[in-house]
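[1] sequence unavailable; structure follows:
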(Lines give C-alpha, C1' and ligand atoms only; values in the text may rest on other atoms or scores of the structure.)
Protein backbone atom coordinates (compact mmCIF):
# COMPACT_ATOMS: atom_id res chain seq x y z
CA UNK A 1 0.00 0.00 0.00
CA UNK A 2 1.26 3.47 -0.91
CA UNK A 3 0.15 6.63 0.92
CA UNK A 4 0.15 9.95 -0.96
CA UNK A 5 -0.49 13.26 0.80
CA UNK A 6 -1.54 16.59 -0.67
CA UNK A 7 -1.27 19.73 1.46
CA UNK A 8 -3.55 22.73 1.07
CA UNK A 9 -3.69 25.95 3.05
CA UNK A 10 -6.51 28.33 3.80
CA UNK A 11 -7.28 31.19 6.15
CA UNK A 12 -10.59 31.39 7.96
CA UNK A 13 -12.30 32.83 11.01
CA UNK A 14 -14.54 31.00 13.45
CA UNK A 15 -16.16 31.26 16.83
CA UNK A 16 -16.38 28.31 19.19
CA UNK A 17 -19.81 28.63 20.74
CA UNK A 18 -22.56 26.22 21.71
CA UNK A 19 -26.00 27.87 21.51
CA UNK A 20 -27.39 25.46 24.11
CA UNK A 21 -24.87 26.70 26.69
CA UNK A 22 -25.27 29.78 28.86
CA UNK A 23 -22.86 32.65 28.22
CA UNK A 24 -20.95 31.54 31.32
CA UNK A 25 -20.70 27.93 30.09
CA UNK A 26 -19.46 29.13 26.68
CA UNK A 27 -16.86 31.37 28.34
CA UNK A 28 -15.71 28.57 30.65
CA UNK A 29 -15.61 25.98 27.88
CA UNK A 30 -14.24 27.94 24.93
CA UNK A 31 -12.47 30.83 26.71
CA UNK A 32 -11.08 33.39 24.23
CA UNK A 33 -12.16 31.19 21.29
CA UNK A 34 -15.70 32.28 22.20
CA UNK A 35 -14.99 35.86 21.06
CA UNK A 36 -18.30 37.29 19.81
CA UNK A 37 -16.79 38.34 16.47
CA UNK A 38 -14.62 35.26 16.05
CA UNK A 39 -10.90 34.91 15.51
CA UNK A 40 -8.80 33.58 12.65
CA UNK A 41 -6.34 30.85 11.78
CA UNK A 42 -4.07 29.97 8.91
CA UNK A 43 -5.03 26.32 8.52
CA UNK A 44 -2.93 23.61 6.92
CA UNK A 45 -4.92 20.67 5.54
CA UNK A 46 -3.23 17.35 4.80
CA UNK A 47 -5.23 14.82 2.80
CA UNK A 48 -3.77 11.33 2.51
CA UNK A 49 -4.97 8.86 -0.13
CA UNK A 50 -3.92 5.22 -0.13
CA UNK A 51 -3.80 2.63 -2.87
CA UNK A 52 -1.62 0.80 -5.32
CA UNK A 53 0.01 2.70 -8.15
CA UNK A 54 -1.68 2.44 -11.51
CA UNK A 55 0.65 0.34 -13.70
CA UNK A 56 0.27 2.76 -16.64
CA UNK A 57 0.91 6.01 -14.73
CA UNK A 58 2.64 5.03 -11.51
CA UNK A 59 0.09 7.19 -9.64
CA UNK A 60 -2.06 6.18 -6.70
CA UNK A 61 -3.90 9.40 -7.52
CA UNK A 62 -3.02 12.18 -9.92
CA UNK A 63 -2.09 15.01 -7.56
CA UNK A 64 -3.37 17.63 -10.02
CA UNK A 65 -6.79 15.98 -9.85
CA UNK A 66 -6.62 15.70 -6.05
CA UNK A 67 -5.77 19.42 -5.86
CA UNK A 68 -8.78 20.22 -8.04
CA UNK A 69 -11.11 18.14 -5.84
CA UNK A 70 -9.70 19.73 -2.66
CA UNK A 71 -10.14 23.21 -4.08
CA UNK A 72 -13.67 22.61 -5.37
CA UNK A 73 -14.99 20.62 -2.40
CA UNK A 74 -13.23 22.44 0.48
CA UNK A 75 -10.63 25.19 0.00
CA UNK A 76 -12.60 27.47 -2.33
CA UNK A 77 -15.56 27.26 0.08
CA UNK A 78 -13.69 28.02 3.33
CA UNK A 79 -10.76 30.25 2.38
CA UNK A 80 -11.15 33.79 3.75
CA UNK A 81 -14.59 32.93 5.15
CA UNK A 82 -16.17 32.96 8.60
CA UNK A 83 -16.83 29.27 9.15
CA UNK A 84 -19.86 29.86 11.38
CA UNK A 85 -21.70 32.05 8.86
CA UNK A 86 -20.30 31.75 5.33
CA UNK A 87 -19.97 27.99 4.76
CA UNK A 88 -23.20 26.14 4.01
CA UNK A 89 -21.89 22.66 4.83
CA UNK A 90 -20.80 23.88 8.29
CA UNK A 91 -24.09 25.59 9.18
CA UNK A 92 -24.92 24.85 12.80
CA UNK A 93 -21.63 23.00 13.44
CA UNK A 94 -19.25 24.12 16.17
CA UNK A 95 -16.19 24.60 13.93
CA UNK A 96 -13.57 22.94 16.11
CA UNK A 97 -10.59 21.43 14.33
CA UNK A 98 -12.05 18.00 15.18
CA UNK A 99 -15.45 18.74 13.60
CA UNK A 100 -13.79 20.31 10.57
CA UNK A 101 -11.81 17.10 9.94
CA UNK A 102 -15.00 15.04 9.94
CA UNK A 103 -16.88 17.52 7.75
CA UNK A 104 -13.99 17.67 5.26
CA UNK A 105 -13.81 13.86 5.15
CA UNK A 106 -17.46 13.69 4.14
CA UNK A 107 -16.89 16.35 1.49
CA UNK A 108 -14.11 14.25 -0.09
CA UNK A 109 -14.65 10.55 0.51
CA UNK A 110 -16.94 9.88 -2.47
CA UNK A 111 -15.25 12.37 -4.81
CA UNK A 112 -11.73 11.03 -5.31
CA UNK A 113 -10.90 9.98 -8.87
CA UNK A 114 -8.76 7.07 -7.63
CA UNK A 115 -7.32 5.60 -4.46
CA UNK A 116 -9.06 5.52 -1.09
CA UNK A 117 -9.21 8.35 1.42
CA UNK A 118 -6.96 7.36 4.32
CA UNK A 119 -6.85 10.42 6.57
CA UNK A 120 -7.59 14.09 6.99
CA UNK A 121 -5.15 16.03 9.16
CA UNK A 122 -5.91 19.65 9.93
CA UNK A 123 -3.46 22.02 11.58
CA UNK A 124 -5.21 24.95 13.22
CA UNK A 125 -1.91 26.32 14.49
CA UNK A 126 1.62 25.08 15.07
CA UNK A 127 0.36 23.64 18.37
CA UNK A 128 -3.16 22.36 17.57
CA UNK A 129 -3.85 19.57 15.11
CA UNK A 130 -6.49 16.88 14.63
CA UNK A 131 -6.43 13.80 12.44
CA UNK A 132 -9.40 11.71 11.29
CA UNK A 133 -9.41 8.27 9.69
CA UNK A 134 -13.08 7.93 8.78
CA UNK A 135 -14.52 6.09 11.79
CA UNK A 136 -18.23 6.78 12.17
CA UNK A 137 -18.71 10.09 13.98
CA UNK A 138 -21.80 12.24 14.12
CA UNK A 139 -21.24 15.98 14.19
CA UNK A 140 -23.95 17.59 16.27
CA UNK A 141 -25.63 20.53 14.60
CA UNK A 142 -27.59 23.31 16.24
CA UNK A 143 -30.58 24.76 14.47
CA UNK A 144 -29.46 23.97 10.92
CA UNK A 145 -29.07 20.95 8.73
CA UNK A 146 -25.52 20.01 7.81
CA UNK A 147 -24.09 18.34 4.74
CA UNK A 148 -21.44 16.48 6.72
CA UNK A 149 -22.81 13.12 5.62
CA UNK A 150 -22.58 13.71 1.85
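    Great, that's in hand. None of these values were measured; they are calculated from a predicted model. Numbering: from 1, shown residues only.

[2] for residue 120, give me phi and psi.
    phi -120, psi 120 (degrees, to the nearest 10).

[3] who's it bridged to?
    Beta-bridge pairing of residue 120 under DSSP bridges involves residue 47, residue 132.

[4] who's in contact with it?
    Counting by Cβ atoms under 8 Å, 6 or more residues apart in numbering, residue 120 touches 45, 46, 47, 48, 101, 104, 105, 108, 131, 132. C-betas here are computed from N, CA, C, even on glycine.

[5] name all residues that make contact with the closest residue to the second one other than its chain neighbours.
    Pointing back at residue 46 there. In this structure, residue 46 finds its nearest non-sequential neighbour in residue 121, 4.0 Å apart by Cβ to Cβ, 6 or more residues apart in numbering. Residues near residue 121 by Cβ under 8 Å, 6+ apart: 45, 46, 47, 48, 101, 129, 130, 131, 132.

[6] likewise for residue 137?
    If you count contacts by Cβ under 8 Å, 6+ apart, residue 137 has them with residue 102.

[7] give me the element it is part of.
    Following DSSP states H and E, one finds residue 137 outside all helices and strands.

[8] distance check, it against residue 99.
    Noted for residue 137: a distance of 9 Å to residue 99, by Cβ to Cβ, to the nearest Å.

[9] still on that earlier bit, tell me the one of the contacts of residue 121 nearest residue 93?
    residue 101 (11.6 Å; Cβ to Cβ).

[10] ok, that closest one - how many residues close by?
    Counted with other Cβ atoms under 10 Å, the neighbours of residue 101 add up to 22.

[11] so who does it touch?
    With Cβ under 8 Å, 6+ apart, residue 101 has these contacts: 120, 121, 122, 130, 131, 132.

[12] now do the contacts for the fourth one.
    For residue 130, the contacting residues are 96, 97, 98, 100, 101, 121, 122, 124, by Cβ under 8 Å, 6+ apart.

[13] run a quick neighbour tally on the nearest residue to the first one once chain neighbours are set aside.
    Meaning residue 96. Nearest non-adjacent residue to residue 96, counting by Cβ to Cβ, 6+ apart: residue 16, 6.3 Å away. Neighbour count of residue 16, defined by other Cβ under 10 Å: 20.

[14] on that earlier part again, which pair in the contacts of residue 120 spans the largest distance?
    108 and 131 (14.3 Å).
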